[in-house]
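>>> Structure of the sequence below:
(chains A, B, C and D)
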Number of protein chains: 4
Amino acid sequence: MKALVYYGPYDVRVSEMPDPKIEEPTDVLVQVTTSNICGSDLHMYEGRTDMEKGRIFGHENLGKVVEVGKSVTNIKVGDMVCMPFNIGCGKCKNCEKGLTAFCLTMNPGSAGAAYGFAGMGPYSGGQAEYLRVPYGDFNCLKLPEDAIEKENDYVMLSDIFPTGYHATELAGVKPGETVVIYGAGPVGLMAAHSAAIKGASKIMVVDSHKDRLKLAEDFGAIAIDSSKGTTVEQVLDMTDGQGADRGCECVGYQCCNTHGEEQSNVTMNELVQAVKATGSIGVVGVFVQKDPKSKETLEKKGHMDFDFGSFWMKGQRIATGQANVKSYNRELCALISAGKAKPSAIISHELSLDEAPDAYKHFDDRDKGWTKILLKPGQKAKKK
Amino acid sequence: MKALVYYGPYDVRVSEMPDPKIEEPTDVLVQVTTSNICGSDLHMYEGRTDMEKGRIFGHENLGKVVEVGKSVTNIKVGDMVCMPFNIGCGKCKNCEKGLTAFCLTMNPGSAGAAYGFAGMGPYSGGQAEYLRVPYGDFNCLKLPEDAIEKENDYVMLSDIFPTGYHATELAGVKPGETVVIYGAGPVGLMAAHSAAIKGASKIMVVDSHKDRLKLAEDFGAIAIDSSKGTTVEQVLDMTDGQGADRGCECVGYQCCNTHGEEQSNVTMNELVQAVKATGSIGVVGVFVQKDPKSKETLEKKGHMDFDFGSFWMKGQRIATGQANVKSYNRELCALISAGKAKPSAIISHELSLDEAPDAYKHFDDRDKGWTKILLKPGQKAKKK
Amino acid sequence: MKALVYYGPYDVRVSEMPDPKIEEPTDVLVQVTTSNICGSDLHMYEGRTDMEKGRIFGHENLGKVVEVGKSVTNIKVGDMVCMPFNIGCGKCKNCEKGLTAFCLTMNPGSAGAAYGFAGMGPYSGGQAEYLRVPYGDFNCLKLPEDAIEKENDYVMLSDIFPTGYHATELAGVKPGETVVIYGAGPVGLMAAHSAAIKGASKIMVVDSHKDRLKLAEDFGAIAIDSSKGTTVEQVLDMTDGQGADRGCECVGYQCCNTHGEEQSNVTMNELVQAVKATGSIGVVGVFVQKDPKSKETLEKKGHMDFDFGSFWMKGQRIATGQANVKSYNRELCALISAGKAKPSAIISHELSLDEAPDAYKHFDDRDKGWTKILLKPGQKAKKK
Amino acid sequence: MKALVYYGPYDVRVSEMPDPKIEEPTDVLVQVTTSNICGSDLHMYEGRTDMEKGRIFGHENLGKVVEVGKSVTNIKVGDMVCMPFNIGCGKCKNCEKGLTAFCLTMNPGSAGAAYGFAGMGPYSGGQAEYLRVPYGDFNCLKLPEDAIEKENDYVMLSDIFPTGYHATELAGVKPGETVVIYGAGPVGLMAAHSAAIKGASKIMVVDSHKDRLKLAEDFGAIAIDSSKGTTVEQVLDMTDGQGADRGCECVGYQCCNTHGEEQSNVTMNELVQAVKATGSIGVVGVFVQKDPKSKETLEKKGHMDFDFGSFWMKGQRIATGQANVKSYNRELCALISAGKAKPSAIISHELSLDEAPDAYKHFDDRDKGWTKILLKPGQKAKKK
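I've put the predicted structure just below:
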């Protein structure tokens, strides 16, 4: 089959790879019809991880089931399915509590398993014609009848929609509350969409990119341009001087200060100031345990100059981590099907697999307008 | 009346002060029968705060009601009552949600109000013969019939028992779970007692003082001597290598490394390592917004070199802040009354008010055996 | 002042009554600008309660503060305020936990206190020019700057909006879930509005009145005409045969079967069938402890022929009771102010106080189109 | 192998049956070392269910793994394991949320699956030498090293300990609260034990059997003899006239009035009276959807004359259903291992399989002292 393969930093190519096949009686084989490029793919693309050469990228996958192992009982050939980026066994202490992002058996000793991801197990990604799904009954979400019609919405159930939603869950957003979201990338926008779905009264989204802030406004949020350097003041002004009830961090360790320089503590320390005493902060932006290429001494070892004193005095809470996608994907799927959620609104490009190497380059260069790219392995190349 | 008055660093004296009186129709006047010395009193005693000279110390108070304002309806003259150290108005947005430690009106702009405390409003403390209690119906807990018999237990409802309990609530301790508690001072011991009450299966308490660790064992905990420098390894060994389900920080910014030097991030960074992925950490040890006398650059401005990368990768949670005492004091009172809680087990000294200056000196010197001191303003001096 | 006074069954008149005045230092005096007629007023109007003659009706009140007692600190003369129908003391064991509908001191021995209500204390209602509000700081919600512009929305914060919202809280409605609501009266409609705010994926509203079902559809719900006798089948059909995730009872003991006869168990037993196994049911429709005029033997003593066997086998939950309005009114207020909630959409009439007796008659006769009536004590009579 | 087989009402015999074998790659085969007789076995024994003749009883099972299917990854041959009585698939919408008692695939259309149980699927029971466990990784709890030493404690993890604990979870018991438990059979006793573990301040257990009340006292509870007919008054007296904070129903539809006659609403209606306003009731006693042999008209169709009016006016909650054993068994296992739970205290008999028919007769006759019987299939007959 054809697949997007990693050859080294800044070098991904579409190559012929062996077709995956059923290896265990619990496996499911999927013909991929959509696989997205995710911001976290860029870390690997840039060579800032220990991703092995020769592996296939792609952890945001949707497709049609073409074969099932003999122990698979719920998923059938022909089903349209979307796969959470987390791969869970469904049987360990964490999976049985819904903590599928922290499965103890699929990638022992680590924070969980995923398709086509550095440090998250040996599983191939879905930027390819076919994908093997371990424990297929557990790891496939069967989509409703409008699966093909709304495929570009449903594919967001694999990662960014549940991850944005997770930010609001970690922050504990409740109806009528105010929320400030740092980051208007795909995940931040999905957090804004989720906060609106949950009935937040005021949603403030902070970013320095005007095109992304425009998308945030389309989701009903108030845009705050962080390049002005008055973010905290603006949030306090809009919340009676108290700060927002809840905050979401959707940027991660490569966040920048107003000079556009990477400074890993900017978003967190601003959130402590911008969120009210007794408020909560959900952190889904990625922070890493070591970052040797950083210019900051603390950040090199994954540490942060954190304003713990203010955090404690304000009696705040922080909750972190990757989204347990399965905890949310059924309900978010129902909202898409009912027309009450439309995550596809952020898509900028739909491309064929052959166009993927070029797309990676544009996306990595942060070229204007390259917000969210969907790859369609079954399609011939054509520009959107 | 006689009261313990602050004259400056390391200088407290028993002086004659004007009797407090009913100032508002909602006030209650209490004849103090017990008032504890708290570890946080020492910060003021040492002159490390901006405490005003001439003020009366004491925020852990219990006594008999001697007068009530005309709008007081529930509390009666003669009632034995224990006062939460937090003073709430009972009417603001925070108080009505139970967040009495963050009352918005009793000390506007700050993290709440308290008796005899630097930066927490103008209220006099209870290390005196009498105490004025604002909003008396709201701020007095009426004690059961065995109030006098168990006075030394009930007085712990003012602060350290609810504060230790709060640590376990912030950490989310549930029956059958494992807990690691940093700090075997009065609050850490109360956290251990609370974790046992909640049905934790394994309670590990970390400290470098052997006498305190002995008390922890008396509450059913496993003692870990932090001076050995193997705390994290020991916790991992006792939890199948996964880490404890929950962690409690009961030390605060003056925690020390194995060399006995203050290093504000020791307990927090060890907790991140000693608690499992997906686990939670409750922080009731005090962390401050600035600490000019610290030797650490970050700590001077209230910041911390925090291992945020590991914290995030493990998907952990931290919850912080002062205890909302009223959220717990009725239930903890019921447990004392039923004989199922016995916080008085940590008391080392019961002294008269006249002995207070001497007691402050011993306590501040960390003299062996001076664990918890109760002052009895109505008693004549006698050594315990 | 002028006020609507109860003279006996089916006999209410506008009479001159003494002006209320500040009785306690904690009182607030309000000039009523809007007071709604509630469905529960009709029970008293019809003489089916032990309401005393000479009392003033009205528990859904909004107005301007004209005087405050000397212990009132947060509310000021001139503030526009909306009062929860529950009157709480703010100081008892229940109020301090937010259970203001079950205040232990304002009407001891009963389920709480309210303005102008049979069996809920001696407090006068607000269908009058002025209203005394006990514990004014606690029982007044200060409205935002657009208070007058959106007065018809904000007045709904006194009762039906929080009560409808309470139904969804008791039922535990979460984003993406399906909900079936029995009753499209004002409270049922507010439950539908609340479920939409909370992000329910499918909201089904059951009633036999076509005009009310039309309003339900305006709030985004699916209307089910109960007179067809196929309600349960329709709900199952729309929920993959499993039943709705959550159910709300917004009718109460005078619910009717398909023949239009009162049968107190119709809604509850249908809900058990229409809600999925492991689902939850919130009950805010009123059920009474005795109903001597009922034709049913069990109902006379307040009992019900309830399908407990199916309820248990399905592992369902029921939560009941009057809304603790203060638990929700700040957040719902924020949603109105932000334009994200519009409860005034159900209003059918705005009338002067003089028109109230006539309005009671129409409302009690269930005359078509008399959905929700607002009285404006300050206005001269004019037909809407 | 030898197994206890149902031949018809009051007729169970030890017979030779075919050995079970691995049928699916996900199966596990267990050599049963302990299998308890449960009160719910008696319903089948008495012929009050539609249990098929020829089936093997036993849903409380513990043993040693002797064979595993090729897809089993976590459980190994030689492991000592305890099986929840619920059989879940681990992959359906309910199992993935922890609702294993309501698995949608193992016994479609019903409330879940179990071993050797009428109406809960075709699965054989464990009162036999061997047992086939479907989805063995999901349905086996691996026991700690002291498995054999504490086997009589660990076997209680299969059903009654988690079921009693479930009662307290459904009721929402929190530290310091008061609880009233109806029923001092094995499940009621486990509820009392669980409430103590959770830190309840006062645990009242209601029953008419003096020997069972004695066991309740051994678990730290206050015994209330229901035959005196003053249960509600006693509970109110012990709770300041307010009623208990929480209630647990551990009897079920065959509960009796003070005349010793079955009356299905006795426990529920008393609980409504004995529990405070705003309190909660957890119901794990079994209530059925039809009971043709009952003398009560309502009960024949599974209905109840329920005091819904008082229930609603008090704003109470009821939660029901079979325990999702897997939600609790790991934590309860940890408590047993730590010596903080000792459910074996209620065992009255340990017998060989050959003695089972006789034991069933004694147990069904409610012979004094036959509280809880453990069958040891590997042992030769000997009287305890």
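>>> For the residue in the stretch 201-350 of chain A positioned nearest to chain D, what are phi and psi?
Closest residue of the stretch 201-350 of chain A to chain D, C-beta to the nearest C-beta: A:Lys326 (6.1 Å). All C-beta spots, glycine's among them, are computed from the backbone N, C-alpha and C. Backbone torsions for A:Lys326, taken as degrees, to the nearest 10, come to phi -60, psi -20.
>>> contacting residues for it?
By C-beta atoms under 8 Å, 6 or more residues apart in numbering or on different chains, the residues touching A:Lys326 are A:Pro84, A:Asn86, A:Gly88, A:Gly98, A:Thr100, A:Phe138, A:Leu141, D:Glu96.
>>> Kindly recompute the last result at 7 Å.
A:Pro84, A:Gly88, A:Gly98, A:Thr100, D:Glu96 (C-beta atoms under 7 Å, 6 or more residues apart in numbering or on different chains).
>>> How much space separates the residue most central in space within chain A from chain D?
For chain A, the residue nearest the mean C-alpha position is A:Ile160 (3.6 Å; C-alpha atoms, centre = their mean). Look at A:Ile160 and chain D: by C-beta to the nearest C-beta, to the nearest Å, they are 21 Å apart.
>>> Chain C versus that residue, what's the distance?
Taken as C-beta to the nearest C-beta, the span from A:Ile160 to chain C is 17 Å.
>>> is it true that that residue touches A:Gly185?
No: A:Ile160 lies out of contact with A:Gly185 (C-beta atoms under 7 Å); the separation is 8.9 Å.
>>> which residues touch the nearest residue to A:Lys342 once chain neighbours are set aside?
Spatial nearest neighbour of A:Lys342, chain neighbours left out: A:Asp153 (6.2 Å); criterion: C-beta to C-beta, 6 or more residues apart in numbering or on different chains. By C-beta under 7 Å, 6+ apart, the residues touching A:Asp153 are A:Ile336, A:Lys342, A:Pro343, A:Ser344.
>>> mind running it again at 6 Å?
The contact partners of A:Asp153, taken as C-beta atoms under 6 Å, 6 or more residues apart in numbering or on different chains, are A:Ile336, A:Pro343, A:Ser344.
>>> Can you get me a residue count around A:Pro18?
Look at A:Pro18: counted by other C-beta atoms under 10 Å in any protein chain shown, it has 9 neighbours.
>>> A:Tyr7 too?
With neighbours defined by other C-beta under 10 Å, the count for A:Tyr7 comes to 12.
>>> Also the one 10 residues further on?
Applying other C-beta under 10 Å, we find 18 other residues in the vicinity of A:Met17.
>>> ok, back up a step: quick one: which of the contacts of A:Asp153 is nearest to B:Ala167?
Taking C-beta to C-beta as the measure, B:Ala167 sits nearest to A:Pro343 out of these, at 39.5 Å.
>>> Stretch A:130-146 and chain D in contact?
Yes: for stretch A:130-146, a contact with chain D is found by C-beta under 6 Å from any C-beta of the partner chain, at A:Asp137, A:Phe138.
>>> Touching that stretch from outside, list them.
Applying C-beta under 6 Å, 6+ apart, the contact partners of stretch A:130-146 are A:1, A:19-20, A:26-32, A:61, A:72, A:74-75, A:79-83, A:87, A:89-90, A:154, A:329, A:337, D:91.
>>> Would you mind checking the residues you listed for buried ones?
A:1, A:20, A:26-32, A:61, A:72, A:74-75, A:79-83, A:87, A:89-90, A:154, A:329, A:337, D:91 (16 or more other C-beta atoms under 10 Å in any protein chain shown).
>>> What parts of the stretch 101-250 of chain A come near chain D?
A:Asp137, A:Phe138.
>>> Which residue ranges of the stretch 101-250 of chain A form strands?
A:113-114, A:130-133, A:141-142, A:178-182, A:202-207, A:222-225, A:244-249 (DSSP state E, counting those that start in this stretch).
>>> Look up the closest residue to A:Tyr135, ignoring the ones flanking it.
Using C-beta to C-beta, 6+ apart, the closest residue to A:Tyr135 is A:Thr26 (5.1 Å).
>>> Quick check, the one you found in contact with A:Lys70.
No: contact criterion C-beta atoms under 6 Å: A:Thr26 and A:Lys70 do not qualify, at 8.9 Å.
>>> Please tabulate the contacts of A:Asp153 in JSON lines, including the columns secondary structure and pLDDT.
Formatted as JSON lines, these follow (DSSP: H, G, I helix; E, B strand; the rest coil; pLDDT from 0 to 100):
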{"residue": "A:Ile336", "secondary structure": "helix", "pLDDT": "98"}
{"residue": "A:Pro343", "secondary structure": "helix", "pLDDT": "98"}
{"residue": "A:Ser344", "secondary structure": "helix", "pLDDT": "98"}
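>>> Compile the residues you listed into JSON lines and extend it with columns for distance to chain B.
What follows is those, written out as JSON lines (distance: C-beta to the nearest C-beta, whole Å):
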{"residue": "A:Ile336", "distance to chain B": "26"}
{"residue": "A:Pro343", "distance to chain B": "23"}
{"residue": "A:Ser344", "distance to chain B": "28"}
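>>> out of those residues, which one sits closest to D:His43?
A:Ile336 (45.3 Å).
>>> Can you name the residues that contact that closest one?
By C-beta under 6 Å, 6+ apart, the neighbours of A:Ile336 are A:Lys150, A:Asp153.
>>> can you rerun that using 10 Å?
Counting by C-beta atoms under 10 Å, 6 or more residues apart in numbering or on different chains, A:Ile336 touches A:143-144, A:146, A:150, A:153-154, A:156-157, A:161, A:342-344, C:176, C:201.
>>> same check, this time on A:Leu375
So A:Leu375 contacts A:4, A:32-37, A:57-58, A:60-61, A:126-128, A:349-356, A:359 (C-beta under 10 Å, 6+ apart).
>>> could you redo the last one with a cut-off of 7 Å?
If a contact means C-beta under 7 Å, 6+ apart, then A:Leu375 has A:Ser35, A:Asn36, A:Ile37, A:Gln127, A:Leu351, A:Leu353, A:Ala356 as its contacts.
>>> Residues in contact with the helix or strand where the second one lies: which ones?
Assignment of secondary structure by DSSP states H and E places A:Asn36 within strand A:28-37. By C-beta under 7 Å, 6+ apart, the list of residues contacting strand A:28-37 from outside reads A:20-22, A:58, A:60-69, A:72, A:75, A:81, A:126-133, A:136, A:140, A:151, A:155, A:359-360, A:363, A:372-378.
>>> returning to that earlier point: now the contacts of A:Lys326 in TSV, with secondary structure, neighbour count and distance to chain C?
What follows is the contacts of A:Lys326, written out as TSV (DSSP: H, G, I helix; E, B strand; the rest coil; neighbours: other C-beta atoms under 10 Å in any protein chain shown; distance: C-beta to the nearest C-beta, whole Å):
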residue	secondary structure	neighbour count	distance to chain C
A:Pro84	coil	28	16
A:Gly88	coil	29	20
A:Gly98	coil	16	14
A:Thr100	helix	28	18
D:Glu96	helix	22	13
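>>> residues touching A:Lys372, list them.
Neighbours of A:Lys372 in contact, by C-beta under 7 Å, 6+ apart: A:Asn36, A:Pro186, A:Ile346, A:Ile347, A:Ser348.
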